[in-house]
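J.: After the sequence you'll find the predicted model.
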Amino acid sequence: MTNNDIFKKLRVALMLRDDQIVEILELVDFRITKSELGAFFRDEKHENYMECGDQVLRNFLNALVIHLRGTKENPKNPNDVLAKHKAQIPAKDGAKDRPEFKAKPRDEEKSRGDEAPSKSRPATKNTSKKQYPKGNSKVQVVEKVKFNFGKNKKS
């Protein structure tokens, strides 16, 4: 796994934007621009793609520890920091106003374009379960397992 892959996975897992990563890197006095940072996240075939060096990744990981945990003098709770990141993600505009997609009821008379409508085919499918003969009943896998909950068989 390359440094770029690690950097990308951390960015996605922590839900960080480019400007947040720049601020985090400034905690360890490492300066980087957004455009330099964006070069790490480009496709490898892109002309402006740049490999993330060990120094950048090392500084980012050190700064991330300070960002999430804080310092000895000013400790933080990492879960609070992550919750704050999640709250900063903007909600999509009109997400609640948008009506949900509902499929139209299927017309019995319509058919595929290459077939003529036929009356012999049933309009609805039979949804009954497969029937097994009495001697060949299928046992659910869950029913085979016996749970002892940590108790010995002898007691």
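T.: Here it is on my side, so go on. Numbering: from 1, shown residues only.
J.: shouldn't I32 be in contact with I24?
T.: No: with contact defined as C-beta atoms under 8 Å, I32 and I24 do not form a contacting pair (10.2 Å). Backbone N, C-alpha and C define where each C-beta goes, glycine included.
J.: quick one, which of those two is more surrounded?
T.: Applying other C-beta atoms under 10 Å to I32 and I24 shows that I24 carries more neighbours, namely 21 against 16.
J.: so which strand or helix has the more buried one?
T.: Assigned by DSSP states H and E, I24 belongs to helix 18-26.
J.: buried sites along that helix?
T.: Neighbour counts over helix 18-26 (16 or more other C-beta atoms under 10 Å) mark 18, 21-22, 24-25 as buried.
J.: Other residues contacting the longest helix that the chain contains?
T.: The residue-count maximum for a helix in the chain (DSSP state H) belongs to helix 54-69. Residues from elsewhere that reach helix 54-69, judged by C-beta atoms under 8 Å, 6 or more residues apart in numbering: 3, 6-7, 10, 14, 21, 24-28, 30, 32, 40, 75-76, 78, 81-82.
J.: again, only this time at 10 Å
T.: 2-4, 6-7, 10-11, 14, 16, 20-21, 23-30, 32, 36-37, 40, 50, 52-53, 71, 74-82, 85 (C-beta atoms under 10 Å, 6 or more residues apart in numbering).
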